[in-house]
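*Asks:* task: produce atomic coordinates for the following.
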Amino acid sequence: MIFFIADTHFGHSNIIKYCNRPFVSIQKMDNALINNWNSKVKPKDLVYHLGDFSFGTNTGNIRKSLNGDIILIKGSHDKDAMKIYNAFKAVYDLKTISINKQDITLCHYAMRVWNKSHYNSWHLYGHSHGMLPPQGKSWDVGVDNNKFFPLSIDEIADIMKNRPDNFNLVKEKAPEYPNLVKDRPFNIRFL
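*Replies:* Modelled structure (predicted):
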């Protein structure tokens, strides 16, 4: 199974106050996030973490306690995670993947347009901690927006079924222009 998550901020005590997370300590938050993760993700699953994995010195121990292979899409607080770069299956700034013929652009930051958005591709992001409303086929996969759990590809598909089309969706075939010279490169006619 494939999962998506962002903004765990393991080891980041100020995130509790900043995002009004319902935890009394960083240890309680980290333990809850680890338990929620492992309750869904199995050892052979793949997790795309869309940034802000950790913020502190326990990054290596946290990674060892999480099920699955993790592909990290770097966020704004991933300096500590980059110290254990080899603990991740891969690390990217931005990544477009295809699952079941569905194109999905992954980035820590929300975008207005993304690769193939005009064909209703999906965009998953983090960083906004549930405070930025999604547009079209986009969704904040951060823990603050999803009850502190990762989302499976099936859960994402269910969410996207109810999302509106992307604003730039190409709905019709492009019109024919009779004045274009069809045998010239780039179909340009000079007047």
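
*Asks:* got any ranges where the protein has weak pLDDT?
*Replies:* Scanning the chain for pLDDT under 70 picks out the ranges 57, 80-85, 172-191.

*Asks:* so what's residue 50 closest to, chain neighbours aside?
*Replies:* residue 6 (3.7 Å; C-beta to C-beta, 6 or more residues apart in numbering). (C-beta placed from N, C-alpha, C; glycine too.)

*Asks:* residue contacts, the one you found?
*Replies:* 49-52, 75, 108, 124-127, 140-143 (C-beta atoms under 8 Å, 6 or more residues apart in numbering).

*Asks:* what is it paired to in the beta sheet?
*Replies:* Under DSSP bridges, the beta-bridge partners of residue 6 are residue 142.

*Asks:* now the strands for the chain?
*Replies:* 2-5, 46-49, 69-73, 90-92, 94-99, 102-107, 122-125, 138-140, 151-152 (DSSP state E).

*Asks:* quick one: closest of the ones you listed to residue 164.
*Replies:* Nearest of these to residue 164, taken as C-beta to C-beta: strand 138-140 at 10.3 Å.

*Asks:* have a look at the protein and report its longest helix.
*Replies:* helix 26-40 (DSSP state H).

*Asks:* got the CA positions of that one in CSV?
*Replies:* The C-alpha trace of helix 26-40 is given here as CSV (Å, rounded to 0.1, in the frame of the first residue of the first chain):
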residue,chain,number,x,y,z
ILE,A,26,6.6,16.4,22.7
GLN,A,27,7.0,12.8,23.9
LYS,A,28,3.2,12.3,23.9
MET,A,29,3.0,13.9,20.4
ASP,A,30,5.8,11.8,19.0
ASN,A,31,4.4,8.6,20.5
ALA,A,32,0.9,9.3,19.2
LEU,A,33,2.2,10.1,15.7
ILE,A,34,4.4,6.9,15.7
ASN,A,35,1.4,4.8,16.9
ASN,A,36,-1.0,6.3,14.3
TRP,A,37,1.6,5.8,11.6
ASN,A,38,2.3,2.1,12.5
SER,A,39,-1.4,1.3,13.0
LYS,A,40,-1.9,1.9,9.2
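
*Asks:* sorry, back to before: so which of the strands of the chain is nearest residue 35?
*Replies:* strand 2-5 (13.6 Å).

*Asks:* now for that closest one, which elements pack on it?
*Replies:* In terms of contact count using 3 or more C-beta pairs under 8 Å, 6 or more residues apart in numbering; DSSP states H and E, strand 2-5 is assigned the packing partners strand 46-49, strand 151-152, helix 153-161.
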